[in-house]
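Trainee: got a predicted model here, sequence first, then my questions.
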Amino acid sequence: MRSRRTRISTDGLDENGCKKEQFQEAARIKRERKLPFADLVHAIIARDNGAIMVTRDAHFEDLKDIATIRKPEDLL
């Protein structure tokens with residue numbers, strides 16, 4: 001599997017708008033829970049911004065303790 005490096009800019013955000021601390025937290029949780037890294041990063045960013053994750057992705061069921069997760073039909 002190919003390793004991907006993420007560059008952090010001088011304002012503390014990477015090219016995707018993620019803080020170094022958010023990446024580190026996602027990496028720690030990934031080791032503990034064996035969940036997809038990208039899902040963890042998205043949940044952490046949502047939490048930190050007070051946003052609701054709207055998804056049908058089953059992995060997010062395991063992340064309800066990190067962020068508010070809803071399915072689209074739950075919001076109708």
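Mentor: That came through fine.

Trainee: show me what counts as buried in the lengthiest helix in the chain.
Mentor: If you go by DSSP state H, the chain has its longest helix at helix 20-33. Buried residues in helix 20-33, defined by neighbour count with 16 or more other C-beta atoms under 10 Å: 22, 23, 25, 26, 29, 30. Any C-beta I mention is one placed from the backbone N, CA and C, and that applies to glycine too.

Trainee: helices or strands next to it in the packing?
Mentor: The contact analysis (3 or more C-beta pairs under 8 Å, 6 or more residues apart in numbering; DSSP states H and E) places helix 20-33 against helix 37-48.

Trainee: need the contact partners of the helix it packs on.
Mentor: 17-19, 22-23, 25-27, 29-30, 51-53, 57, 59-60, 63, 66-69 (C-beta atoms under 8 Å, 6 or more residues apart in numbering).

Trainee: okay, stretch 32-43 in PDB with CA atoms only?
Mentor: The C-alpha coordinates for stretch 32-43 follow below in PDB (Å, rounded to 0.1, in the frame of the first residue of the first chain):
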ATOM      1  CA  GLU A  32      -7.900   1.700  18.600                       C
ATOM      2  CA  ARG A  33     -11.000   1.000  16.500                       C
ATOM      3  CA  LYS A  34      -9.800  -0.200  13.100                       C
ATOM      4  CA  LEU A  35     -12.000   2.300  11.200                       C
ATOM      5  CA  PRO A  36     -11.300   4.100   7.900                       C
ATOM      6  CA  PHE A  37      -9.000   7.000   8.500                       C
ATOM      7  CA  ALA A  38     -10.900   9.400   6.200                       C
ATOM      8  CA  ASP A  39     -14.200   8.700   8.000                       C
ATOM      9  CA  LEU A  40     -12.500   9.500  11.300                       C
ATOM     10  CA  VAL A  41     -11.100  12.800  10.000                       C
ATOM     11  CA  HIS A  42     -14.500  13.800   8.600                       C
ATOM     12  CA  ALA A  43     -16.200  13.000  11.900                       C
END
